[in-house]
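# With the input below, show me the fold.
(one chain, ligands or ions: 1)
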Amino acid sequence: MLEILSEHRCFNGIQAYYRHDSEAIGLPMRFSVFHPPAERKEMVPVLFYLAGLTCTEETFMIKAGAQRYAAEHGIMLVSCDTSPRGTGIEGADKDWDFGHGAGFYLDATQAPWSRHFRMETYVTQELRRIIIDEFNVEESCMGIFGHSMGGHGALTLALRHPDKFCSVSAFAPIAAPVRAPWGQKAFGNYLGSDQAAWKEHDASELMKHRSTPFPKGILIDQGLGDKFLAEQLLPEEFEQACIEAKQPLTLRRHEGYDHGYYFIASFIEDHLKFHKENLRG
Ligand SMILES: N[C@@H](CCC(=O)N[C@@H](CSC=O)C(=O)NCC(=O)O)C(=O)O
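A predicted model of the protein is given here:
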């Protein structure tokens with residue numbers, strides 16, 4: 001059962017927060033939805049947003065300023081928490097870049113994480129199904145985007161589930177996690193030591209083996225003042241993989257912008273327009 005935690009009128013739509021007992025995760029999960037005004041009259045397209053390390057289902061809705069454009073374009077925005085919470089797993093609260101708040105949008109295969117850390121199944125199956133069953137949305141074509149760890153999630157989930165997502169973009173994604181310290185730490189713990197398994201969750205590796213799953217292109221924005229760019233994000237790896245796979249990619253590099261939500265807010269309108277065109281085109 002879906003519990004409404006709060007509802008707020010916003011740009012003539014509704015910003016809502018929900019909680020439910022998740023089957024995939026085995027614990028309660030929270031998510032947020034911006035319901036655009038158009039949903040009252042017609043089925044609307046859905047755009048999932050995956051947030052980064054340390055974030056929750058609130059972060060994007062509070063900080064990105066996306067609702068104005070989602071209302072204008074008639075797009076529903078959905079954002080979930082970044083991991084299971086309250087798992088009781090020893091060490092899950094120890095580091096900000098691993099464990100709670102750092103689910104990496106995959107299904108862990110290694111104990112003790114594999115019991116609850118099943119964010120790929122949660123997003124692509126359970127949450128998607130709830131959105132379809134509960135709200136007035138178009139099922140056929142959904143979009144996904146995200147930031148940093150969530151940008152990695154958006155790219156990998158779109159590449160792994162092209163039947164579910166027909167439009168994808170990212171802000172400062174962890175674009176080659178097998179080569180980045182954040183990714184290596186998460187994948188080593190969640191997936192074990194077999195690096196072949198890691199590559200199944202690495203956007204750049206996945207792209208090398210796909211033949212243009214997104215013919216209308218992929219949009220990525222990256223700030224050049226981002227302190228994580230050189231060590232953790234590596235967009236050039238994904239750019240090269242897209243060239244090899246003949247995947248159209250618009251990778252925009254922005255002088256002076258850092259990793260935070262001021263950067264995201266500066267370009268959010270472009271992402272909603274990009275998805276609007278892909279979702280309805
Ligand atoms: N606590 C960390 C910083 C954590 C951080 O920057 N998180 C980013 C995502 S990083 C990759 O996934 C974020 O989105 N934070 C939320 C925000 O409101 O900015 C540190 O000490 O550096």
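# moving C-terminal of the helix or strand harbouring residue 187, what's the next helix or strand?
Per DSSP states H and E: residue 187 is located in helix 181-191. As assigned by DSSP H and E, the chain's next helix or strand after helix 181-191 is helix 195-199.
# Kindly tell me how buried the closest residue to residue 218 other than its chain neighbours is, as a neighbour count.
If the residues on either side of it in the chain are set aside, residue 218 comes closest to residue 249, at 5.0 Å by CB to CB, 6 or more residues apart in numbering. Yep, even glycine has a C-beta here, placed from its N, CA and C like the rest. Residue 249 has 17 neighbouring residues, counting by other CB atoms under 10 Å.
# for residue 249, phi and psi?
phi -140, psi 130 (degrees, to the nearest 10).
# May I see the buried residues of the helix holding residue 187?
Neighbour counts over helix 181-191 (16 or more other CB atoms under 10 Å) mark 182, 183, 185, 186, 187, 189, 190, 191 as buried.
# Out of the residues you listed, flag the one nearest to the ligand.
Set against the ligand, the nearest of the buried residues of helix 181-191 by CB to the nearest ligand atom is residue 182 (7.0 Å).
# still on that earlier bit, the helix holding residue 187 near the ligand anywhere?
No. Taking CB under 6 Å from any ligand atom as the criterion, helix 181-191 and the ligand are apart, separated by no less than 7.0 Å.
# Tell me which other helices or strands that helix touches.
In terms of contacts (3 or more CB pairs under 8 Å, 6 or more residues apart in numbering; DSSP states H and E), helix 181-191 is packed against helix 195-199.
# Show me what the helix it packs on is packed against.
Applying 3+ CB pairs under 8 Å, 6+ apart, we find helix 195-199 packed against helix 181-191.
# And for the helix it packs on, what's in contact with it?
53, 95, 97-98, 102, 104, 106, 108-110, 113-114, 117, 149, 152, 174, 176-178, 197-198, 201-202, 231-232 (CB atoms under 8 Å, 6 or more residues apart in numbering).
# quick revisit: can I assume the residue nearest to residue 218 is in contact with residue 240?
No. Assessed by CB atoms under 8 Å, residue 249 is found out of contact with residue 240, at 10.1 Å.
# Next one, pLDDT for the residue nearest to residue 218 please.
Per-residue confidence (pLDDT) for residue 249: 98.
# All good on my end, thank you.
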